[in-house]
Every structure is written in C-alpha cells, then in structure tokens.
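Novice: starting from these lines, generate the structure:
(2 chains)
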Number of protein chains: 2
Amino acid sequence: MKITGIQEASLPIGSAMRNASIAFDQMTASALAIRTDQTRDGQPLVGLAFDSIGRYAKGGLLRERFIPRLLAAPARDLLDEAGLIDPMRCVAILMRGEKQGGHGERSGAVGLLDAALWDLRAKQMGLPLWQCLGPSPGGAAPSAHIATYASCGHFTDNPDPQALRDEVAQCLALGYTSVKIKLSGRQAALDAQRLRSALDAGLNPGQLAVDLNGQWDKHCTDALAVLAEYPLAWVEEPAAPLDYAALTAFCQIHPGPVATGENLFSADDATNLLRYGGLRPALDRLQMDISLSYGVDEYHRMIEHALALGWTRQAFWPHAGHLFAAHVVAAWGLGSHESAPDASRLYGGFWDGVPVIQGHITLPRYPGVGFEHKANLMAVLQPLC
Amino acid sequence: MKITGIQEASLPIGSAMRNASIAFDQMTASALAIRTDQTRDGQPLVGLAFDSIGRYAKGGLLRERFIPRLLAAPARDLLDEAGLIDPMRCVAILMRGEKQGGHGERSGAVGLLDAALWDLRAKQMGLPLWQCLGPSPGGAAPSAHIATYASCGHFTDNPDPQALRDEVAQCLALGYTSVKIKLSGRQAALDAQRLRSALDAGLNPGQLAVDLNGQWDKHCTDALAVLAEYPLAWVEEPAAPLDYAALTAFCQIHPGPVATGENLFSADDATNLLRYGGLRPALDRLQMDISLSYGVDEYHRMIEHALALGWTRQAFWPHAGHLFAAHVVAAWGLGSHESAPDASRLYGGFWDGVPVIQGHITLPRYPGVGFEHKANLMAVLQPLC
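Specialist: Have a look, this model is predicted:
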C-alpha cells in the first residue's frame, strides 16, 4: 500500500461561547484525509481524522513540515511486517529533525496525522479501531461499552440562569448521567448561582463537575467555599496547566476529586504533573488529550508512567478527542469519555443513531473510527477524500 | 502610525551539521517585516525580525493566526500614550483566544512579531534597541559593551579530529575567548577525543563549554567521567528539557557549572525548571530563548521569577537570538551573548565591521536592532520591506 496524497482543511468551528479563560468565536479545527492506492469493498481506502477543539487548526504545520515528511518517506518504511500502515513508525518519521521540548501546536499536527493513520490501519484490518489498538497498559480487555459524560455550560451572552438549567436538563434528556459546566473560579456569587441552576435541572452534586479552566484565584476564598458546599463529581483544571505549585495548594485545600491535564501535550509534561502537581492517584482524574499530544503511542507512554506511580488506567478520562478518543477509551478500559452533547456540531455527539443510555454508549462495529457514519462530520471530510 | 502590512518568508538555513539530538539539514527560519505608513529620514519606517535557529520557520502560524490578529486590531490599540508602537499591548492582542499551556511553535511566532515590534519602536525613538527596553529586572544600567561566546563544534561527516581543533582555533582568531562545542553525552571515547581536539586549539578548560543537547545517559558513567576530568566552563543541557529529575541527578553528580533552558518557551516552564531542576543559583546559567518564548515581556517575567528565587541577572545567557538578543543582554546587564561565529550565515556573526575583542563586542548605535548593517541578512529582509 502507498499513500498517494494527504489533504487537510481548516474549518471554522467558532460559536458565541466562552470559558473562564478564552472565547471560542474565532476557533478553528483541522480535518484531514490520507489517500492510498488501495480500495476495500470497492471504496478507496482512506484514513480520516478530525481535530480536538480549543487549540486551532494545524494547517500551516501540516503543510510545511509534517505532511511533506510523510510523503517523502519510502512507502515500505511506513508499513509493519504484515504490510499494514504502522502509525508508530510513521510518527517516528514525522518527528525526525524535531528538537526535544516545546510541546504545543506540533504535538497536535502530529497527533492528527497519527489519528488518520490509525483509522487507515483499522480499515485495512476491517475492524473497528477499538479492536486494533493493541494491549491496554495494565492489561484490561477491550469493551465497546463505555462511560461518557456531557461537557457543556459555557458562558454565553444569555444572562438568564434558566438557560444553564435547560442546557443541563437537555443533557439528562439525552441519556447522560454526568454533566460538566464552566465556572469562573473567582466570582463566588456567580459560581454559586450557576451551581444552583445546574442542580435545579435534577442532578445530584455527585453527577455534576465544574471546570475552572485554570482561573482559580487562591486569594478568592469565597469562590473556594462555594465549591466546598457540594460533593461535586470533580473540579477541573483549577490552576494554570503548568503551575504545579498552585495545583498542589488546591489539592491540599479541596477534599473532593480534581481532574486536569488537558493542556499538557507530552508524556514528559504529564509525568511532571504527576511528580509535582500534588494529585492523589486514588481520587483524581487525568485528562490529557490523545490527538493533541502526538497520538496513541505517546498517550500509551503517559498511562504507563502513571501506572508506575500508582495510578490506575480508570483515572484516564481523555479530553475531547470525540469519536477517535472513544475508541481508545473502549480499547484500553479507561475511565470515561468526554463528549459535547450537541450532535449538530462537527465535534459533538456520536455516530448517527448511537444513543447515550444511562451515561454509556456502545461503539458501533464500523471499520476504523467510523467517521463515515456521522453525516455532518463526513460532509466536511468527504471533499478531502 | 499605522501598520500597513506584515510580510514574512520562510528561509532554508540548513547545513550538514548535527548535534547529539537532531540534524540541521532541513532547518528553516522565518524573516519578517512590519510595514507602516510612516517614514524617518526619508526611509519607510519598518520593523524587522529574524528567527532563532533550531525550531523551524513560523510561516503557517504567522499567516493563519497571529498576523491577522494584529492587522485586525484598531491602530490606536497598538500604541502607547506617546504614540509609539507598544509591543506589550500588541502581544496581549496576539494572545487573545489562546489557551494557557502548550508553549511551543506559537511562542516563537509571537516572539518573532514581538522582536519586529521592538525594532519598530526603537526606530521610532531613533535609538538603538538596547536603550529602549526599559529598566533591567534587578536594576542594572544598560551598557553597549557585552560579553559573547562562540557556539560551534557540531558533528559533521568529517571524521578528522583536526577539523574540530581548527574550528575552535578559528573562533579564538576571531577574538572569542570562550567556545562551546557539541558532545554526545553517551560515547566516552568520542567525547574525550573531541575535548582533546578542542583544547588543542589553545583554550584552557575554563574557556571551553560542552553541549549534550539533552542526550546524557546516566547509565554511561564513562561519559560523565570524561566531563569531570576537566574544569569546563559549563556543561549544557545534560538532560531532556522537561526531565527535571534527570537534571537534578546530574547537578548532584557534576560539580561544575550547568547551563540549560533553551527548550523551555514560557515563564511558567522556566519557573518549573528553577523549582524542580536542582540547579544552583550561584553556579549555573539559564539559557531561555527570548524570541522563541513570546518575546521581551515574557523574558522579563522569567528574570523576575528567577531573581525572587535567589538568582542574579548575570545567570541569564540567552540562547541564540542573534542581533536581537545582544540588545537585551546589553540593556539589562545579562551574563553573556551566544553567537554563531560564521558571519556568512544569516544567523552568524554580528553587524558588519563589529569585531569581537577579548570575548566582548560593543553594540553599534544604529537605530533599532540594526539589521540594515548586516548585509547578508538584509539581503533576505529587504524584499519583505
């Protein structure tokens, strides 16, 4: 098999929503297709990928550095002994001439190619991706049935507290049993009102998580007191991603579960989080993003490092990688899958017709990731194929 | 004053040399010009910048995210009260909508624009940049007379040990008194031979530094023994940039000065290095790269954090930022300036006609950075103006 071309496109995915750190109105994401000289069942064999949200499209890096490196490599160097595309060998080629450190942007460009290569490999094997990812770190059996939770409740220009309640209620109506909303981390009255609005939708506090997006202010003791009032499912990213001292301080004060890691993009960074961040392996959750962090093999390393430090694989709740990440959760028995509940968004929902039932989904058996079975996403991927 | 356009170009700067980590044959760098509607002395007022080496050009990020944000901002938002371009306000605009963490690539694109904005501001003021950068953290008086050292001795395909000796001797002939060469960090016999070759040029060990480019292997005790044989000026980047535990281990074993930090691209990362890396403020050197790390204001923050932890500003030896970094060293009384001795390279040497005398240079009084007075560099910048 030979790669005959790689096409990418930057797509606007902006909307009028904010978290405590940034606005999403100008946000973009990359879609990518790896074309080959093979067909399967009469269809061209193509590897597809779609970005995580929050870090902008990777077009320039893909076109200037990474796609050319992959296309320049001899075809046989990209394959394993069985003639299947080998994402790990490909990533090693992508990283030739790259200095250590500086894990941002590039890690997402490489991770996007890695995701498309995995989709391609699984399609070559005629299997859903979750059956192709190799042994779980720690040895769990793969299962198509995984937990998922809804990530919503961003700040908008709508001041009506009922809007947040309605949004959470809509998640429950969709079948989610666990919902995450955004808080300010600094404004106690605002955060208290938002917590009440969300709980009014009919959740108990153990079903509700809150995301501070790195904006917790240790000097605002009122905001912390609001968090301590409820036994929340978890508090997400209280401190700036690299401020391990502030995270340690938060963990010492806050008795409930903490989740973080989505803004660390390498195994080295993740290891530093575990070494210096004051997190508690039996209590907390790790949310590193697979495809923003060089892809599956680097993520495997992260889990291995964590297991060696006393964590379990169930502590891994990968940040929004959408359909791709759901396969990794299924393959390796990870804790849960983050999802954006609005299926009308490119990065929202699941495969068409796959319902959330009591906070779980069952992955369909389509070959690869199965992007072909989410119509709105396929509408932007098809032109690249 | 209004910005009327920003032009950038990616330039091949590759050569057949390697360090212990990567090859430089495909390396690229960005050149950039900010055009305005003003003239000075009959010439268009233009801000110029040229990349550091080692991290590839920033073209895609510049064109897709950062140049459009600057051009979209109202002109008055880019100026200070005196009507001068204000790089700090501009960087705040560049970083709108950017999430925390992930400090790579983006930090260099923003830093390159920051450098051109500072060049523009200094030209508006009619002063050399080192007189425009504001008070030094820690309060040193600016001085045009700064220390510099030669960075050379890469691995090449020439196996003759005399080639390395000749390269070091050439640096001494140019007026340098301190020279840094590359070692493997793993192969004791190779490193011993390279050290002897360099010293044969007529240096004493205190004038010779060695760069391991993050490849030191703690299991190779022979390689460490070679380093301990000589009282070297410093050992550079022994451990991978984010492996603070390995760096701590090296510092506990190696009694001489250590220098590192060039592959950390934010004040948050630099603070983690100081908190967790085991470095010794009275002995070691910090080499964060100004323009690969969001620019002058972020670098100022790094120095402030370090001073608060017991370091001095003389411990700051910025990584190859070339002419731009020399101004920051001069403005703030930093320790020394790294330079590539081969003036025929775009990133090598200094302003034409400025000699190295006893390991020091005196910055000329051209307005701004003075790129206009390095002919080979200006030949690639001029078409952008």
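Novice: just the residues contacting the helix or strand residue A:91 falls within, thanks.
Specialist: Element membership for residue A:91, per DSSP states H and E: helix A:87-94. By CB atoms under 8 Å, 6 or more residues apart in numbering or on different chains, the surrounding residues in contact with helix A:87-94 are A:66, A:69-70, A:73, A:77-80, A:110, A:113-114, A:117-118, A:121, A:294-298. All C-beta spots, glycine's among them, are computed from the backbone N, C-alpha and C.
Novice: at 10 Å what do you get?
Specialist: A:3, A:34, A:47, A:65-67, A:69-70, A:72-74, A:77-80, A:86, A:106, A:109-111, A:113-121, A:133-134, A:294-298, A:300 (CB atoms under 10 Å, 6 or more residues apart in numbering or on different chains).
Novice: out of those, which are buried?
Specialist: Neighbour-count burial (16 or more other CB atoms under 10 Å in any protein chain shown) is assigned, among the contacts of helix A:87-94, to A:3, A:34, A:47, A:65-67, A:69-70, A:73, A:78-79, A:86, A:106, A:109-111, A:113-121, A:133, A:294-296, A:298, A:300.
Novice: about what we covered before: what residues sit buried inside the helix holding residue A:91?
Specialist: Judged by neighbour count (16+ other CB under 10 Å), helix A:87-94 contains these buried residues: A:87, A:90-91, A:94.
Novice: which of these sits closest to residue A:269?
Specialist: For those, the minimum distance to residue A:269 (CB to CB) is 17.1 Å, reached by residue A:91.
Novice: related to what we said a few turns ago, after the helix holding residue A:91, next one along is what?
Specialist: Downstream of helix A:87-94, the first helix or strand assigned by DSSP H and E is helix A:106-125.
Novice: that following helix to helix B:106-125, inter-axis angle?
Specialist: Here helix A:106-125 points in a direction 150 degrees away from that of helix B:106-125 (axes from the mean of the first three to the mean of the last three CA atoms, to 10 degrees).
Novice: for the following helix or strand past helix A:106-125, C-alpha coordinates in PDB please.
Specialist: Per DSSP H and E, the first helix or strand lying C-terminal to helix A:106-125 is strand A:145-151. C-alpha atoms of strand A:145-151 as PDB (Å, rounded to 0.1, in the frame of the first residue of the first chain):
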ATOM      1  CA  HIS A 145     -19.500  -0.300  26.100                       C
ATOM      2  CA  ILE A 146     -18.000   2.800  27.700                       C
ATOM      3  CA  ALA A 147     -19.000   5.500  30.100                       C
ATOM      4  CA  THR A 148     -19.400   9.100  28.800                       C
ATOM      5  CA  TYR A 149     -20.200  12.500  30.200                       C
ATOM      6  CA  ALA A 150     -21.500  15.700  28.800                       C
ATOM      7  CA  SER A 151     -19.300  18.800  28.700                       C
END
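Novice: which strand or helix spans whichever residue of chain A sits closest to chain B?
Specialist: Going by CB to the nearest CB, chain B is nearest to residue A:60 of chain A, at 1.1 Å. Element membership for residue A:60, per DSSP H and E: helix A:59-61.
Novice: within reach of chain B, which of the contacts of helix A:87-94 are there?
Specialist: The subset of the contacts of helix A:87-94 within reach of chain B, by CB under 10 Å from any CB of the partner chain, is A:65, A:69, A:72, A:106, A:109.
Novice: adding pLDDT as columns, could you present those residues in JSON lines?
Specialist: As requested, those are arranged in JSON lines below (pLDDT from 0 to 100):
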{"residue": "A:65", "pLDDT": "97"}
{"residue": "A:69", "pLDDT": "97"}
{"residue": "A:72", "pLDDT": "97"}
{"residue": "A:106", "pLDDT": "98"}
{"residue": "A:109", "pLDDT": "98"}
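Novice: which two among the residues you listed are spaced furthest apart?
Specialist: Farthest pair in the ones next to chain B among the contacts of helix A:87-94, by CB to CB: A:72 and A:106, 17.5 Å.
Novice: residue A:134 reaches residue A:331, doesn't it?
Specialist: Yes: at 7.8 Å, residue A:134 counts as touching residue A:331 under the criterion of CB atoms under 10 Å.
Novice: common neighbours of the two, please.
Specialist: Shared contacts of residue A:134 and residue A:331, defined by CB under 10 Å, 6+ apart, comprise A:142, A:296.
Novice: how's chain A carved up into domains?
Specialist: Per automatic domain parsing, the structural domains of chain A span A:3-127, A:145-378.
Novice: which stretches of the stretch 201-350 of chain A have low pLDDT?
Specialist: For the stretch 201-350 of chain A, no stretch is flagged by pLDDT under 70.
Novice: what ranges do the helices span in chain A?
Specialist: For chain A, the helices defined by DSSP state H occupy A:59-61, A:67-72, A:87-94, A:106-125, A:161-174, A:188-199, A:221-228, A:244-253, A:267-276, A:296-308, A:322-332, A:375-381.
Novice: give the pairing partners of the strand ranked longest in chain A; include direction for each.
Specialist: Longest strand of chain A, by residue count under DSSP state E: strand A:28-40. Neighbouring strands of strand A:28-40 in its sheet, by DSSP bridges, are strand A:3-12 (antiparallel), strand A:43-50 (antiparallel).
Novice: re earlier: okay if I get the helices of chain A as CSV plus distance to residue B:172?
Specialist: Formatted as CSV, the helices of chain A follow (distance: least, CB to CB, whole Å):
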stretch, distance to residue B:172
helix A:59-61, 41
helix A:67-72, 39
helix A:87-94, 40
helix A:106-125, 38
helix A:161-174, 70
helix A:188-199, 64
helix A:221-228, 60
helix A:244-253, 44
helix A:267-276, 38
helix A:296-308, 44
helix A:322-332, 56
helix A:375-381, 60
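Novice: neighbours of the closest residue to residue A:233 other than its chain neighbours, how many?
Specialist: Closest residue to residue A:233 apart from its sequence neighbours, by CB to CB, 6 or more residues apart in numbering or on different chains: residue A:209 at 4.3 Å. Counted with other CB atoms under 10 Å in any protein chain shown, the neighbours of residue A:209 add up to 25.
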